[in-house]
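Q: Predicted model and sequence below, questions to follow.
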Amino acid sequence: MSLKRILLHCKQFITRKDGASGIEYAVIAAMVAVVLAGFVPGVSKNITSVMNKIQTAITADSGTGTGTGTGTGG
C-alpha cells in the first residue's frame, strides 16, 4: 500500500460520521445508568449485590494450583 493511499484512508476515517451516533447513544446510556445507580438506592443495592455475587463466583472457582499435572488429555 502506498503512502498516498494510506493517507486517503486516514482522511476518510476521520471525516466519516457513520458510527458516531451509535457511540453517542452508548455514552448517553452509560451516563443514565450511572445516575440511576447513584440516586436510586434500590438499584444501587441490587448492582452491589450482583457484583458481590460475581466476585464470589470468580474467587471460588479459582483453583489452589496444587495439581499434579498427570492428566491424560483427551
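A: Thanks, I have it.
Q: Can you give the contact residues for stretch 25-38?
A: Val43, Ser44, Ile47 (Cβ atoms under 8 Å, 6 or more residues apart in numbering). For every residue, glycine as well, the C-beta is placed using N, CA and C.
Q: Show me what the stretch of helix or strand the second one belongs to is packed up against.
A: Spelled out, that is Ser44. Assigned by DSSP states H and E, Ser44 belongs to helix 41-61. Packing contacts for helix 41-61, counted by 3 or more Cβ pairs under 8 Å, 6 or more residues apart in numbering; DSSP states H and E, involve helix 20-39.
Q: The helix it packs on versus helix 41-61: what angle between them?
A: Calculated by axes from the mean of the first three to the mean of the last three Cα atoms, to 10 degrees, helix 20-39 forms an angle of 100 degrees with helix 41-61.
Q: Let's see helix 20-39 as PDB, backbone CA atoms only.
A: Extracted C-alpha coordinates of helix 20-39, given in PDB (Å, rounded to 0.1, in the frame of the first residue of the first chain):
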ATOM      1  CA  ALA A  20     -20.700   8.500  15.600                       C
ATOM      2  CA  SER A  21     -24.400   8.400  16.500                       C
ATOM      3  CA  GLY A  22     -24.200   4.800  17.800                       C
ATOM      4  CA  ILE A  23     -21.300   5.800  20.100                       C
ATOM      5  CA  GLU A  24     -23.100   8.800  21.300                       C
ATOM      6  CA  TYR A  25     -26.200   6.700  22.200                       C
ATOM      7  CA  ALA A  26     -23.900   4.300  24.100                       C
ATOM      8  CA  VAL A  27     -22.300   7.100  26.100                       C
ATOM      9  CA  ILE A  28     -25.700   8.600  26.900                       C
ATOM     10  CA  ALA A  29     -27.000   5.200  28.100                       C
ATOM     11  CA  ALA A  30     -23.900   4.800  30.300                       C
ATOM     12  CA  MET A  31     -24.300   8.200  31.900                       C
ATOM     13  CA  VAL A  32     -28.000   7.500  32.600                       C
ATOM     14  CA  ALA A  33     -27.100   4.100  34.200                       C
ATOM     15  CA  VAL A  34     -24.500   5.900  36.400                       C
ATOM     16  CA  VAL A  35     -27.000   8.500  37.500                       C
ATOM     17  CA  LEU A  36     -29.700   5.900  38.200                       C
ATOM     18  CA  ALA A  37     -27.200   3.700  40.200                       C
ATOM     19  CA  GLY A  38     -26.200   6.700  42.300                       C
ATOM     20  CA  PHE A  39     -29.600   8.200  43.000                       C
END
